[in-house]
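Asks: got a structure for you, letters missing:
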DNA sequence: CGGCATCCTCTTTGATACTG
DNA sequence: CAGTATCAAAGAGGATGCCG
């Protein structure tokens, strides 16, 4: 990116991460931890491969991204965040929070990746019954399977199926997100195509931290 | 900006404010409040006037910016932030905080505007002696004059001269910022061209909230 | 395959000039 | 004052090729 040439810390920050795709690359590395070029490509649907290569170089030079050749048996490159890159979590989080009201409906053609759920789930959900044994909800969104676990007051998401899920939900991303955020009732979500199997009472335990986000 | 077409709140937020200049326009409106097109142009050195017009339209349509024709005697247009736009303060603040380590030296040719100080001053300085009467430091950076006031534990910046300043500082922005942030000693700053008049003990009262930001 | 580099087209930016 | 109009240059996006 061209520099803004302004002696202001906001402008200086944007000189580094303001370029198109840069903050989404950081999002990926924050959510997935260290991963390969191809993983990043998959997590950033729409990016051109030459742009990803360019941006990784830029961010590496700016001290945000690390690049390591994995040890011989693996023969691949692993990208990650430097400590300085990790500090961008506050920026990504603030943006993610501001963007929540824009998530009511998925636009036609919007891509979705299950690991993107990790951010909103951890930010906005809380375990209403921390003293009870762990709870697992398996989500089947598109081709991907994610597990949400409520443990000791906290709610987290991780990729992959649950061992013994209390509840399994399937359907479009906005239905699952709407249901988890409390914006949709179970009946509404079902009417719009959500499928569920198991103990739907489990949903009572997973609660939005705030009553509801306005429009 | 082209949409990222990703059903993720970070991407949706960037669809709205990720375009070049957009967050700096929001910075201006946050710092200066409602102001005119020409004020924005002045606060955003480097922006092309057609781009500013484009971006203001985009942001207005996105519900971030308001545009009002001021009542007849004034005959001008006033731009401001909607409540939704105000909520971007968390994003701008996070970026500004992340950018602080990039502010050690001003790059050759960097523009500076005095009101940009308001953000870092309020974020990073504290009044070490809240029980004492108000303190005023007048800053003369380039052509512009800004006043910093320490009152009851808080430190704030506002444009314009002080009535009866305890201290007046003059010089390049990075010297004044370095001195206020504690990165430079008074002797160092003086050696590099800072000029001061008045009670330099006043500087002891205005302190960085954290010991010092690392490089 | 994984990690790019090249080529090409299209859009956006930046600089300047001009207008109601 | 608050923009539009114009135009060259830079960047984005897509396809494809290359090399270990």
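Replies: Okay, I see it. Remember, it's a predicted structure, so these values are computed and weren't measured experimentally.
Asks: can you give me the offset of stretch A:175-192 from its chain's centre?
Replies: Relative to the mean C-alpha coordinate of its chain, stretch A:175-192 is positioned 19 Å out (CA atoms, centre = their mean, to the nearest Å).
Asks: please, where are all the strands along chain A?
Replies: Defined through DSSP state E, the strands belonging to chain A, from first to last, are A:65-69, A:77-81, A:125-127, A:135-141, A:144-151, A:154-159, A:167-170, A:195-198, A:206-208.
Asks: these: lowest mean pLDDT?
Replies: The stretch with the lowest average pLDDT out of those is strand A:206-208, scoring a mean of 84.
Asks: direction included, what does it pair against?
Replies: Neighbouring strands of strand A:206-208 in its sheet, by DSSP bridges, are strand A:125-127 (antiparallel).
Asks: contact partners for residue A:127?
Replies: Applying CB atoms under 8 Å, 6 or more residues apart in numbering or on different chains, we find residue A:127 in contact with A:135, A:150, A:151, A:152, A:153, A:154, A:155, A:205, A:206, A:207. (Glycine included, C-beta is placed from N, CA and C.)
Asks: name whatever forms a beta bridge with it.
Replies: For residue A:127, the residues forming beta bridges with it (DSSP bridges) are residue A:206.
Asks: tell me, how many residues neighbour residue A:39?
Replies: 16 (other CB atoms under 10 Å in any protein chain shown).
Asks: correct me, but it touches residue A:33?
Replies: No. Because the distance of 10.0 Å does not satisfy CB atoms under 8 Å, residue A:39 is recorded as not touching residue A:33.
Asks: tell me which of the strands of chain A sits nearest to residue B:122.
Replies: Between residue B:122 and the strands of chain A, the shortest gap by CB to CB is with strand A:77-81, which sits at 28.9 Å.
Asks: quick one, that closest one and strand A:65-69 angle?
Replies: When axes from the mean of the first three to the mean of the last three CA atoms, to 10 degrees is applied, the directions of strand A:77-81 and strand A:65-69 differ by 160 degrees.
Asks: by contact count, what packs against strand A:77-81?
Replies: Counting by 3 or more CB pairs under 8 Å, 6 or more residues apart in numbering or on different chains; DSSP states H and E, the packing neighbours recorded for strand A:77-81 are helix A:22-32, helix A:37-43, strand A:65-69.
Asks: what about residue A:4, distance to residue A:149?
Replies: Counting by CB to CB, to the nearest Å, the gap between residue A:4 and residue A:149 amounts to 43 Å.
Asks: between those two, which has more neighbouring residues?
Replies: residue A:4 (22 against 18).
Asks: now do the contacts for that one.
Replies: For residue A:4, the contacting residues are A:11, A:14, A:15, B:24, B:46, by CB under 8 Å, 6+ apart.
Asks: before we move on, the earlier item: give me whichever of the helices and strands packed on strand A:77-81 is most buried.
Replies: Most buried of the helices and strands packed on strand A:77-81 by mean neighbour count (mean count of other CB atoms under 10 Å in any protein chain shown) is helix A:22-32; its value is a mean of 23.
Asks: quick one: that helix near DNA strand D?
Replies: No. Under the criterion of CB under 7 Å from any atom of the strand, DNA strand D is not reached by helix A:22-32; the shortest gap measures 8.7 Å.
Asks: next, the contact list for the closest residue to residue A:145 other than its chain neighbours, please.
Replies: In space, and not counting its chain neighbours, residue A:145 is closest to residue A:161: 4.9 Å by CB to CB, 6 or more residues apart in numbering or on different chains. Neighbouring residues of residue A:161 by CB under 8 Å, 6+ apart: A:138, A:145, A:147.
Asks: which of those residues sits closest to DNA strand C?
Replies: Distance to DNA strand C, by CB to the nearest atom of the strand, is smallest for residue A:145 among the contacts of residue A:161, at 19.5 Å.
Asks: ok, residue A:200 touching residue A:168?
Replies: No. Contact between residue A:200 and residue A:168 fails when scored by CB under 8 Å: they sit 10.4 Å apart.
Asks: which one's more surrounded, those two?
Replies: Regarding residue A:200 and residue A:168, a neighbour count based on other CB under 10 Å identifies residue A:168 as having more, with 19 against 14.
Asks: dig out what that one forms beta bridges with.
Replies: Beta-bridge partners for residue A:168, by DSSP bridges, are residue A:138, residue A:197.
Asks: please name the nearest non-neighbouring residue to residue A:130.
Replies: Leaving aside its sequence neighbours, residue A:130 sits nearest to residue A:153 (CB to CB, 6+ apart; 3.5 Å).
Asks: same thing with residue A:37?
Replies: Using CB to CB, 6+ apart and skipping the chain neighbours, the partner closest in space to residue A:37 is residue A:77 (6.2 Å).
Asks: what sits against that neighbour?
Replies: Residue A:77 sits in contact with A:36, A:37, A:67, A:68, A:69, A:70, where contact means CB under 8 Å, 6+ apart.
Asks: could you single out the nearest of those residues to residue B:196?
Replies: In terms of CB to CB, no member of the contacts of residue A:77 lies closer to residue B:196 than residue A:67, at 46.5 Å.
Asks: filter the contacts of residue A:4 down to the buried ones, ChimeraX style.
Replies: A single ChimeraX command is used to select the members of the contacts of residue A:4 judged buried by 16 or more other CB atoms under 10 Å in any protein chain shown:
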select /A:11,14,15 /B:24
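Asks: ok, residue A:95 touching residue B:12?
Replies: No. Because the distance of 9.1 Å does not satisfy CB under 8 Å, residue A:95 is recorded as not touching residue B:12.
Asks: looking at the two, which is more packed in?
Replies: For residue A:95 versus residue B:12, neighbours defined as other CB under 10 Å are more numerous around residue A:95 (27 against 24).
Asks: ranking by neighbours, what's the top pick from the contacts of residue A:127?
Replies: For these, counting by other CB under 10 Å, the largest number of neighbours falls to residue A:150: 25 neighbours.
Asks: can you pull the contacts of it?
Replies: Residue A:150 is in contact with A:125, A:127, A:129, A:134, A:135, A:137, A:205, A:206, counting by CB under 8 Å, 6+ apart.
Asks: biggest helix in chain A, by residue count?
Replies: helix A:49-61 (DSSP state H).
Asks: pLDDT of it, averaged?
Replies: Mean per-residue pLDDT for helix A:49-61: 96.
Asks: do it and chain B meet at all?
Replies: No. No part of helix A:49-61 sits near chain B under the criterion CB under 8 Å from any CB of the partner chain; the closest distance found is 12.4 Å.
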